[in-house]
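1. I need the structure of the sequence given here:
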Amino acid sequence: MASATLTGFTPTNCASKAGLPVDNTFVRLSLTVEYDGGRYAGSQYQPGMPTIQSEVENAIQKLTGETVRVAMAGRTDAGVHALGQVISFSSGTALCPHDIVCGMNHFLPDDIAVKDARQVGQRFDPRRFAVKREYEYFILNSAVRSPFWHKRAYRVAGDLDVEAMNQACLLLLGEHDFASFTPSMAESERTTIRHMYQCSVRRDGKMVIMRMVASAFLLHQVRNTIGALLRIGQGKMTLAEFQGIINSREFGLAGPTVPGYGLYLNKVYYDNVEEGF
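-> This is a model prediction of the structure:
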């Protein structure tokens, strides 16, 4: 059990009213985390590389004195950002959710923040229990670069036909085999079939924003889909050719793969409130 007073952070001692343990009982905790992925090699731990997971685990160790391995709802690639990544771990801490949020943000670097903490069921796994994931991709449709959007949006010059891109999005809705949109079958995957609930493109001034909500996504699926949609928007691919890519189920056929820095994990959806959400 960590000391009640930690270097640089003083908890409010609210464990009893939060219902968290004051003995050595372990509970399952879930964090909603926001981050700028610009200087990280990805979300998942990689030896000798800066990752979101390693920073979160280091902050937990400083806050609670515990060495843990966290589980994450989704793996994001190098440079990818998140507004609603879900991270879970087991802990014997007596800190209440408010103090966990404050304490984690005290020890985390400025480009990572915990937005919410809560106790969940002991079996809660943020990846397996998720029913939908929502991503957005930002494209700065401008001939001139923007320092403000540097490494936060992918710049594309020239006209984009948003209506044609939305017509292609309709072809992705429902359950499909998305093998063409991933370079290969990952070892952790048992199938390349996914259910796409929502897929749309909207323009807000010079910004073109692509949104996808699916049961889950394959490796590079979102970024390869965006690359193909951009080709349609630029008049370099027809809807029939796009349908052919979907039907072919040939690994790596869709693309090109757009850069990670324009991509944001917005939200992870769960059905069972009793298990955390």
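2. Pull up the gap between residue 188 and residue 44, please.
-> According to CB to CB, to the nearest Å, residue 188 stands 11 Å off from residue 44. No exception for glycine: its C-beta is placed from N, CA and C like everyone else's.
3. For the two, indicate the residue with more neighbours.
-> Neighbours were counted for residue 188 and for residue 44 using other CB atoms under 10 Å; residue 44 has more, 15 against 8.
4. ok, now which ones touch that one?
-> Residues near residue 44 by CB atoms under 8 Å, 6 or more residues apart in numbering: 51, 52, 53, 72, 75.
5. Swap in 6 Å and give it another go.
-> Listed by CB atoms under 6 Å, 6 or more residues apart in numbering, the contact set of residue 44 reads 53, 75.
6. mind starting the numbering at 717 from now?
-> Happy to do that; since the first residue is 717 now, the last one works out to residue 760.
7. do you know how far it is from residue 766?
-> Residue 760 is 12 Å from residue 766, where distance means CB to CB.
8. How far off centre is stretch 842-850?
-> The chain centroid and the centroid of stretch 842-850 are separated by 10 Å, computed with CA atoms, centre = their mean, to the nearest Å.
9. Now stretch 968-984 - C-alpha only, CSV.
-> What follows is stretch 968-984, C-alpha atoms only, in CSV (Å, rounded to 0.1, in the frame of the first residue of the first chain):
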residue,chain,number,x,y,z
GLY,A,968,-3.0,-4.7,-48.6
LEU,A,969,-5.0,-3.7,-51.7
ALA,A,970,-6.6,-0.6,-50.3
GLY,A,971,-4.6,2.6,-49.6
PRO,A,972,-2.3,4.4,-49.7
THR,A,973,-1.8,4.5,-45.9
VAL,A,974,-2.2,8.0,-44.7
PRO,A,975,0.0,9.4,-41.9
GLY,A,976,-1.0,8.6,-38.3
TYR,A,977,-0.9,12.1,-37.0
GLY,A,978,-4.3,13.0,-38.6
LEU,A,979,-6.1,10.2,-36.7
TYR,A,980,-7.9,10.4,-33.4
LEU,A,981,-9.5,7.7,-31.3
ASN,A,982,-12.5,9.6,-30.1
LYS,A,983,-14.5,7.1,-28.0
VAL,A,984,-14.8,3.5,-27.0
